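Peer 1: Build me a structure from this.
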Amino acid sequence: MKRLFTLVSLSSVVVFLAGCAITRTPTVTANPNGGFTTNVVVSVNQTALSFDCLAVQAVVSLGAQQVVQHDPNSTAVIHDIERALSSTLSGANHADASTIIGLVGASNASPVTQSQITQLVQYVSNAEQALIQKYGVTVAGQVTLAIVKSVLAGLTQVVPL
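Peer 2: Modelled structure (predicted):
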(Lines give C-alpha, C1' and ligand atoms only; values in the text may rest on other atoms or scores of the structure.)
Protein backbone atom coordinates (compact mmCIF):
# COMPACT_ATOMS: atom_id res chain seq x y z
CA MET A 1 0.00 0.00 0.00
CA LYS A 2 2.99 2.28 0.59
CA ARG A 3 3.93 2.05 -3.12
CA LEU A 4 0.40 3.10 -4.00
CA PHE A 5 0.66 6.29 -1.97
CA THR A 6 4.04 7.10 -3.55
CA LEU A 7 2.45 6.67 -6.99
CA VAL A 8 -0.51 8.80 -5.89
CA SER A 9 1.87 11.58 -4.89
CA LEU A 10 3.73 11.37 -8.20
CA SER A 11 0.52 11.32 -10.22
CA SER A 12 -0.68 14.43 -8.40
CA VAL A 13 2.38 16.24 -9.72
CA VAL A 14 1.74 14.89 -13.24
CA VAL A 15 -1.85 16.16 -13.14
CA PHE A 16 -0.59 19.72 -12.84
CA LEU A 17 2.33 19.47 -15.27
CA ALA A 18 0.57 18.15 -18.36
CA GLY A 19 0.50 21.41 -20.30
CA CYS A 20 -2.03 23.89 -21.64
CA ALA A 21 -5.42 22.70 -20.51
CA ILE A 22 -7.95 24.64 -22.54
CA THR A 23 -8.31 27.07 -25.40
CA ARG A 24 -10.86 29.82 -25.62
CA THR A 25 -12.01 30.87 -29.07
CA PRO A 26 -14.10 34.03 -29.22
CA THR A 27 -16.58 34.40 -32.07
CA VAL A 28 -18.09 37.79 -32.84
CA THR A 29 -21.30 37.87 -34.88
CA ALA A 30 -23.37 40.81 -36.01
CA ASN A 31 -26.89 41.10 -34.64
CA PRO A 32 -29.75 41.70 -37.08
CA ASN A 33 -30.80 44.82 -35.09
CA GLY A 34 -27.27 46.21 -35.00
CA GLY A 35 -24.53 45.63 -32.51
CA PHE A 36 -22.49 42.53 -31.98
CA THR A 37 -22.62 39.35 -29.91
CA THR A 38 -19.49 37.67 -28.65
CA ASN A 39 -19.51 33.97 -27.84
CA VAL A 40 -16.55 32.16 -26.36
CA VAL A 41 -16.11 28.47 -27.11
CA VAL A 42 -14.01 26.63 -24.52
CA SER A 43 -12.21 23.54 -25.83
CA VAL A 44 -10.35 20.99 -23.75
CA ASN A 45 -6.88 19.97 -24.87
CA GLN A 46 -7.73 16.28 -25.29
CA THR A 47 -4.08 15.24 -25.34
CA ALA A 48 -3.39 16.93 -22.01
CA LEU A 49 -6.58 15.49 -20.50
CA SER A 50 -5.69 12.00 -21.74
CA PHE A 51 -2.21 12.32 -20.27
CA ASP A 52 -3.63 13.46 -16.92
CA CYS A 53 -6.08 10.56 -16.91
CA LEU A 54 -3.31 8.03 -17.62
CA ALA A 55 -1.89 8.84 -14.19
CA VAL A 56 -5.29 8.12 -12.63
CA GLN A 57 -5.58 4.87 -14.62
CA ALA A 58 -2.14 3.71 -13.43
CA VAL A 59 -2.94 4.38 -9.78
CA VAL A 60 -6.31 2.61 -10.03
CA SER A 61 -4.75 -0.39 -11.77
CA LEU A 62 -1.98 -0.68 -9.18
CA GLY A 63 -4.45 -0.21 -6.32
CA ALA A 64 -6.84 -2.81 -7.72
CA GLN A 65 -3.94 -5.27 -8.13
CA GLN A 66 -3.04 -4.82 -4.48
CA VAL A 67 -6.67 -5.29 -3.42
CA VAL A 68 -7.00 -8.53 -5.43
CA GLN A 69 -3.64 -9.85 -4.19
CA HIS A 70 -4.69 -9.19 -0.60
CA ASP A 71 -8.19 -10.64 -1.04
CA PRO A 72 -8.85 -12.75 -4.17
CA ASN A 73 -12.58 -12.73 -3.32
CA SER A 74 -12.66 -8.97 -3.89
CA THR A 75 -13.12 -9.52 -7.63
CA ALA A 76 -16.90 -9.61 -7.09
CA VAL A 77 -17.02 -6.10 -5.66
CA ILE A 78 -14.65 -4.85 -8.39
CA HIS A 79 -17.04 -6.32 -10.98
CA ASP A 80 -19.90 -4.42 -9.29
CA ILE A 81 -17.90 -1.20 -9.51
CA GLU A 82 -17.07 -1.87 -13.18
CA ARG A 83 -20.75 -2.44 -13.98
CA ALA A 84 -21.72 0.78 -12.18
CA LEU A 85 -19.11 2.75 -14.12
CA SER A 86 -20.15 1.12 -17.41
CA SER A 87 -23.76 2.13 -16.80
CA THR A 88 -22.57 5.68 -16.15
CA LEU A 89 -20.78 5.73 -19.50
CA SER A 90 -23.86 4.41 -21.28
CA GLY A 91 -26.04 7.02 -19.58
CA ALA A 92 -28.19 4.46 -17.75
CA ASN A 93 -27.15 5.52 -14.23
CA HIS A 94 -24.95 8.01 -12.45
CA ALA A 95 -22.32 6.41 -10.24
CA ASP A 96 -20.50 8.89 -8.04
CA ALA A 97 -18.05 8.33 -5.19
CA SER A 98 -20.80 7.72 -2.62
CA THR A 99 -22.47 5.16 -4.92
CA ILE A 100 -19.21 3.25 -5.29
CA ILE A 101 -18.49 3.38 -1.55
CA GLY A 102 -22.06 2.12 -0.98
CA LEU A 103 -21.41 -0.84 -3.28
CA VAL A 104 -18.26 -1.65 -1.36
CA GLY A 105 -20.07 -1.35 1.97
CA ALA A 106 -22.88 -3.62 0.80
CA SER A 107 -20.44 -6.28 -0.37
CA ASN A 108 -19.11 -9.11 1.73
CA ALA A 109 -15.58 -7.75 1.35
CA SER A 110 -13.27 -7.75 4.32
CA PRO A 111 -12.81 -4.50 6.26
CA VAL A 112 -9.27 -4.19 4.88
CA THR A 113 -10.53 -4.56 1.30
CA GLN A 114 -13.29 -2.04 1.96
CA SER A 115 -10.73 0.39 3.36
CA GLN A 116 -8.38 -0.03 0.39
CA ILE A 117 -11.14 0.47 -2.17
CA THR A 118 -12.50 3.46 -0.25
CA GLN A 119 -9.01 5.02 -0.32
CA LEU A 120 -8.87 4.50 -4.10
CA VAL A 121 -12.31 6.08 -4.53
CA GLN A 122 -11.23 9.07 -2.45
CA TYR A 123 -8.05 9.41 -4.51
CA VAL A 124 -10.05 9.35 -7.77
CA SER A 125 -12.50 11.90 -6.38
CA ASN A 126 -9.64 14.21 -5.37
CA ALA A 127 -7.96 13.77 -8.76
CA GLU A 128 -11.23 14.61 -10.50
CA GLN A 129 -11.60 17.80 -8.45
CA ALA A 130 -7.98 18.76 -9.22
CA LEU A 131 -8.59 18.26 -12.94
CA ILE A 132 -11.82 20.25 -12.83
CA GLN A 133 -9.85 23.04 -11.16
CA LYS A 134 -7.20 22.79 -13.85
CA TYR A 135 -9.57 22.66 -16.82
CA GLY A 136 -12.41 24.76 -15.38
CA VAL A 137 -15.97 24.04 -14.34
CA THR A 138 -17.29 24.82 -17.81
CA VAL A 139 -15.82 21.52 -19.03
CA ALA A 140 -16.41 19.49 -15.85
CA GLY A 141 -18.58 16.98 -17.73
CA GLN A 142 -15.77 16.17 -20.15
CA VAL A 143 -13.31 15.80 -17.27
CA THR A 144 -15.66 13.51 -15.34
CA LEU A 145 -16.27 11.34 -18.40
CA ALA A 146 -12.52 11.02 -19.00
CA ILE A 147 -11.96 10.08 -15.34
CA VAL A 148 -14.69 7.42 -15.44
CA LYS A 149 -13.16 5.91 -18.59
CA SER A 150 -9.71 5.87 -16.97
CA VAL A 151 -10.93 4.25 -13.77
CA LEU A 152 -12.85 1.62 -15.72
CA ALA A 153 -9.78 0.91 -17.88
CA GLY A 154 -7.59 0.62 -14.78
CA LEU A 155 -9.98 -1.84 -13.14
CA THR A 156 -10.49 -3.97 -16.24
CA GLN A 157 -6.71 -4.33 -16.61
CA VAL A 158 -6.80 -6.23 -13.33
CA VAL A 159 -10.26 -7.84 -13.34
CA PRO A 160 -11.69 -8.08 -16.88
CA LEU A 161 -15.44 -7.62 -17.19
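
Peer 1: Show me what counts as buried in stretch 61-77.
Peer 2: 61-64, 66-68, 71, 74-75, 77 (16 or more other C-beta atoms under 10 Å). For the C-beta atoms, the positions are set from N, CA and C on the backbone; glycine is no exception.

Peer 1: ok, of these, which one's closest to Ala106?
Peer 2: Among these, Val77 lies closest to Ala106 (C-beta to C-beta), at 8.8 Å.

Peer 1: So which residues of the chain form helices?
Peer 2: With DSSP state H as the definition, the chain shows helices at residue ranges 2-17, 46-70, 75-90, 97-106, 111-135, 140-158.

Peer 1: and Thr37, which of those helices is closest to it?
Peer 2: That would be helix 140-158 among these, by C-beta to C-beta, at 24.3 Å.

Peer 1: Low-confidence bits of this protein, can you list those?
Peer 2: Where the chain drops to pLDDT under 70, the residues are 1-20.

Peer 1: if you set the cut-off to 80 instead, what comes out?
Peer 2: The model of the chain has pLDDT under 80 over residues 1-24, 42-43, 91-95, 108, 161.

Peer 1: quick one, what contacts the spatially closest residue to Ala95 that is not a sequence neighbour?
Peer 2: Distance criterion C-beta to C-beta, 6 or more residues apart in numbering; nearest residue to Ala95, sequence neighbours excluded, is Ala84 at 4.0 Å. Listed by C-beta atoms under 8 Å, 6 or more residues apart in numbering, the contact partners of Ala84 are 93, 95, 99-100, 103.

Peer 1: Same question for Thr88.
Peer 2: Here Thr88 is in contact with 94-95, 148 (C-beta under 8 Å, 6+ apart).

Peer 1: Now that we have these, which of them are buried?
Peer 2: Buried members of the contacts of Thr88, counted by 16+ other C-beta under 10 Å: 95, 148.

Peer 1: just to revisit the earlier point, please report which of the contacts of Ala84 has the highest neighbour count.
Peer 2: Neighbour tally across those (other C-beta atoms under 10 Å): the maximum, 22 neighbours, falls on Ile100.

Peer 1: pretty sure that residue is touching Ile81, no?
Peer 2: Yes: between Ile100 and Ile81 there is a contact under C-beta atoms under 8 Å: 5.6 Å.
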